[in-house]
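> Quick check, what structure comes out for this input:
(2 chains)
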Amino acid sequence: MVSPIKTAVVGAGQIARQHLACLRELRGVEIAAVCDLSQAKAQSVAERFGVPCFYTDYARMLQEVSPQVVHVTTSPQSHFQLALSALDAGASVFIEKPAVVAYEDLAVLTARAEEKGLMVVEDHNYLFNPLVRKVVAMKEAGDLGRISHVEILFCVGVLGPGSPFADRNVRHPALSLPGGVVYDFLPHMAYLALALSGPVTLADKLWLPAPADSLLPCEQFMATLRHDHGTVSLGFSANAQPNLFALRVYGEQCRVELNLLEPHLTVVRPRKGPPFWGTFVSGMSQAASLTKAAFLGLHQRIADTPGPYEGMWELIGRTYTAIEQGGPAPVSVEQIDATHRLMAELVEGAPRL
Amino acid sequence: MKVLVTGANGFLGRGIVAAFLEHGHEVRALVRPTAQMDGIPWRDRVEIVRADLRNHNGLAAFFDGVDVLVHLAATVTADDDTHFNCTVVGTERLLQAMAGTQTRRLVLASSFSVYGWSQAKGVFDETTALETNVYERGGYAVAKLWQERVARRFSEERQWGLTVMRPGIVWGPGHESVPGAILSLGPLRFVFGVGRQVPLTYIDNCAESFVLAVERVEQSEGQTFNVVDPERVTAWRYAGQYIAKSGIGGVRVPLPYICMAVLARCADLTRKLLFGSKGRLPSMLTPRRVAFFKPLRFSSRKLTEQLGWQPLRTFEQACDRCFNGDKDK
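Numbering: from 1, shown residues only, chains lettered A, B, ... in the order given. Model (predicted):
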């Protein structure tokens, strides 16, 4: 009988609970320990997910538990050191995005992993979202035709009431990143842009400085990228409501639209016949797609599915399969490197606190 | 005595600080860095110190000369992580700081939310079982349960004198609306669990109990007290007063507990049939949430007998003070 893969999680916040909920469902995985600076936080998460050990001392956990995999789910500024220590202790690492804050640190991590024969996986969760996978499959099958434009837009009410980003007493760690909270969302934009359009070069960018009384260094961001056949636009707004994570892919044969916060995908194709008929059929088709998404969204809520974290569950599952079978990581070092290279270009000169 | 009160500018904190001053105690009021202190009547009579328990590095200094810590700081509305960080991690850091000082007594403000309401029957008092399915509950309940656990752990490890106060629904001027009592739909005011007793405690009455917990050391150390006014106020009576006196108007519509319980059971059964052990209903349709409206008899007997607590205001007097601004009655 094959012994289970022993895993540990460092950081016991909201995203750690998503990792643990997924790990608990995976066969052949033993969640051996959780670690957090707060004993109560580590202990409560351990109790909630039936994890036998909890620690507040990370080095001690690595030494005593000897995990084969460590999930790094702390604030981004601490990812590099925690991941490096895990690699040094002989564990592969699954790191929440952004894996590193300084691009140079990534090379250190990946070199250490290669040297030790271990895996570094950054959580590119939306790449494994079923709807995104469908779009990527359509692209690869040539259904979209040549892609002329990709649009990725985040509208996130990070300054709304009750938001941890809007806490004036304790500054959220993400606000100290280059570009502030935008940096936390930038990996999603970067890896999706690269997956859908291929290699890109930066054409233009705008970090709109926030008003003086804002908690954020930047509330609005926009960038334009060029790829072989066209363009990509990336956008972020901390004010526009309601929340949206829109992905639109404009191909020569059809247009695909997604809101990744809801299970909603619409394919709009040019239609033959008189123009009024085409408009009518297209409208009806979109209405049907939205109605289906509404019911699916309701079902997801009541059925308590991972919802927007579905891609993360898929990615974690594939990571453990790769570790078990000795296969390649589901997110390659080259993908992570290209993502962070693009991010580094995008945040150059970005305002920060 | 010199008392360090955390969360001093919250609704409960303002009342408690006023009560301590009235009883001749010295108060150091700990508030958050951005807390607005304008209009607080006692603000010039106490020492105000500012810190966020989650990240302040000099918490130990606040215990200088302090006999008792009265720990009220907690979040009331936030996401689950913020609840835990503010209420539990904040408490953990505060008590770690206290461990290095001469202060050895702690009075903690807990909550009725720590009890297992689904299992509760008949008389609801300090012997009622605590929630066992902790993580099925919302972020506030999880945080309050863990805050108590942390306080008990520190107290046991360091032999501190701990008193846990569990107030019911604290209400008073500015907080007249009792959560979950009335649902407004146009001119209709649905009253949940018509004949049930609402576990109300008027702010002055509740504050008085905290003062007694601090003053009556022998009777309070190592004890847990529920704080609820002994006068039985039903949801229907409360709603009648609130609708008439707050000016919202409208017509009271009774929503008996039994109807709510049957509806929740049906919804839960449907969920189980469709999704098995998984699945999640909107909070108001879960039997666990509806259990808050079941008819129970809330007792403050222990508080009355052991600490000699007597409420300062009746429900009628409290209503007058809340809605008519009448402070002389």
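
> Next, give phi and psi for residue B:130.
phi -70, psi 160 (degrees, to the nearest 10).

> which residues touch it?
B:114-116, B:145 (C-beta atoms under 8 Å, 6 or more residues apart in numbering or on different chains). No exception for glycine: its C-beta is placed from N, CA and C like everyone else's.

> List, one by one, the residues from chain B near chain A.
Within chain B, the positions near chain A by C-beta under 8 Å from any C-beta of the partner chain are B:32-34, B:52, B:54-55, B:77-82, B:84-85, B:88-89, B:91-92, B:134-135, B:142, B:146, B:149-150, B:271, B:274-275, B:278-281.

> Can you give me the domain boundaries for chain A?
The record's domain parsing of chain A by automatic domain parsing lists A:5-122, A:127-305.

> can you tell which of these is closest to residue B:67?
Nearest of the domains of chain A to residue B:67, taken as C-beta to C-beta: domain A:5-122 at 26.0 Å.

> does chain B sit close to the closest one?
Yes. Contact of domain A:5-122 with chain B (C-beta under 8 Å from any C-beta) involves A:13-14, A:38-41, A:44, A:47-48.

> Filter those down to the buried ones and hand me the PyMOL line.
Entered in PyMOL, the line below selects the buried ones among the residues of domain A:5-122 next to chain B, by 16 or more other C-beta atoms under 10 Å in any protein chain shown:
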select buried, chain A and resi 13+38+39+40+41+44+48
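
> Which one of the residues of domain A:5-122 next to chain B is nearest to residue A:308?
residue A:14 (12.3 Å).

> For burial, what's the neighbour tally of the residue of the stretch 201-350 of chain A found nearest chain B?
Here the stretch 201-350 of chain A gets closest to chain B at one residue, residue A:304, 4.1 Å apart by C-beta to the nearest C-beta. For residue A:304, the count of nearby residues is 15 (other C-beta atoms under 10 Å in any protein chain shown).

> returning to what we had before: which of the domains of chain A has the lowest mean pLDDT?
Sorting these by mean pLDDT places domain A:127-305 lowest, at a mean of 91.

> Let's see the distance spanning that domain from one end to the other.
Domain A:127-305 has its terminal residues 18 Å apart, counting by C-alpha to C-alpha, to the nearest Å.

> and that domain, how far out from the chain's middle?
12 Å (C-alpha atoms, centre = their mean, to the nearest Å).

> tell me, how many neighbours does residue A:65 end up with?
Residue A:65 is flanked by 20 other residues according to other C-beta under 10 Å.

> Over to residue B:24?
Per other C-beta under 10 Å, the neighbour tally for residue B:24 reads 7.

> quick one on the thing from earlier: show me which pair in the residues of domain A:5-122 next to chain B is furthest apart.
The widest separation within the residues of domain A:5-122 next to chain B (C-beta to C-beta) is 18.5 Å, between A:14 and A:39.

> And the helices in the stretch 51-200 of chain B?
B:80-83, B:90-98, B:139-158 (DSSP state H, counting those that start in this stretch).

> and those helices as TSV, adding mean neighbour count and mean pLDDT?
Formatted as TSV, the helices of the stretch 51-200 of chain B follow (neighbours: other C-beta atoms under 10 Å in any protein chain shown; pLDDT from 0 to 100):
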stretch	mean neighbour count	mean pLDDT
helix B:80-83	20	92
helix B:90-98	23	98
helix B:139-158	20	97
